[in-house]
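Trainee: just need the structure, nothing else, for what follows:
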Amino acid sequence: MVKSVLLVCFFILLLIEASVQETVQGFIGESAVLPCHPGTRQLTVITAHWRYEDRKNVYDIQNGKGTTKEQDPEYKGRTETFPTEYSNGNFSLKLGNLQKGDEGSYCCFIPEFGLNECVSVQVEEKPRGIQENPGSNGGVETTAGRIVSLLIPLFSIALLLCV
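Mentor: Numbering: from 1, shown residues only. The predicted model follows:
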């Protein structure tokens, strides 16, 4: 009985861990902010690399400075980061003029920690009649918060069963 409960707990926790990859949704022609926050670790060298599908160079931050020197041409003029936030551990990337072809997985790699944070991007046509709210994030919506809020009760039950 104990073994079966532990096995169930293991699979539930595995499912929770696998389901929390963040998804950013945006609209064609607008911008999306792709988050990269490795935590509150103290950074001595500020270096981060953004890649699309592990194939294309989207943006590099080297020694605290953004560079597009080796950037894939399809991202030229469409990327920006927030340099004043680097020291706070924020290496988020703003990707402008979204196109359907921008859909996929974007990863932020921070070599100093061997950290690889990935986010899935979904791009949709902007529905007719929807006007942009000045307080909104340019039509961008993240779903990780909703997923986590749905998984909290499941995690609580799993925790109760495991204890």
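Trainee: Glu74 should be in a strand, yeah?
Mentor: No - secondary structure of Glu74 (DSSP: H, G, I helix; E, B strand; the rest coil): helix, not part of a strand.
Trainee: OK, contacts around it?
Mentor: By Cβ atoms under 8 Å, 6 or more residues apart in numbering, the contact list for Glu74 reads 56, 101. C-betas here are computed from N, CA, C, even on glycine.
Trainee: sheet partners, orientation included, of the longest strand seen in the chain?
Mentor: Secondary structure of the chain read by DSSP state E shows that its longest strand is strand 115-124. In the sheet, strand 115-124 lines up against strand 22-27 (parallel), strand 104-110 (antiparallel) (DSSP bridges).
Trainee: residues contacting the closest residue in space to Gly26 that isn't next to it in sequence?
Mentor: Leaving out its chain neighbours, the residue that sits closest to Gly26 by Cβ to Cβ, 6 or more residues apart in numbering is Ala32, at 3.6 Å. Listed by Cβ under 8 Å, 6+ apart, the contact partners of Ala32 are 24-26, 94-95, 98, 121, 123, 138, 140.
Trainee: going by distance to His37, which of those wins?
Mentor: Val24 (13.5 Å; Cβ to Cβ).
Trainee: please report the distance of that closest one from Cys36.
Mentor: Distance, Val24 to Cys36, using Cβ to Cβ, to the nearest Å: 11 Å.
Trainee: overlap in contacts, these two.
Mentor: Common neighbours of Val24 and Cys36 (Cβ under 8 Å, 6+ apart) are Val119.
Trainee: residue boundaries of the strands in the protein?
Mentor: Under DSSP E, the chain gives strands at 22-27, 32-34, 48-52, 56-62, 65-67, 79-80, 93-95, 104-110, 115-124, 141-142.
Trainee: pick the most buried one from those strands.
Mentor: Mean neighbours per residue, mean count of other Cβ atoms under 10 Å, is largest over the strands of the chain for strand 32-34, with a mean of 24.
Trainee: please consider this matter closed, and thank you.
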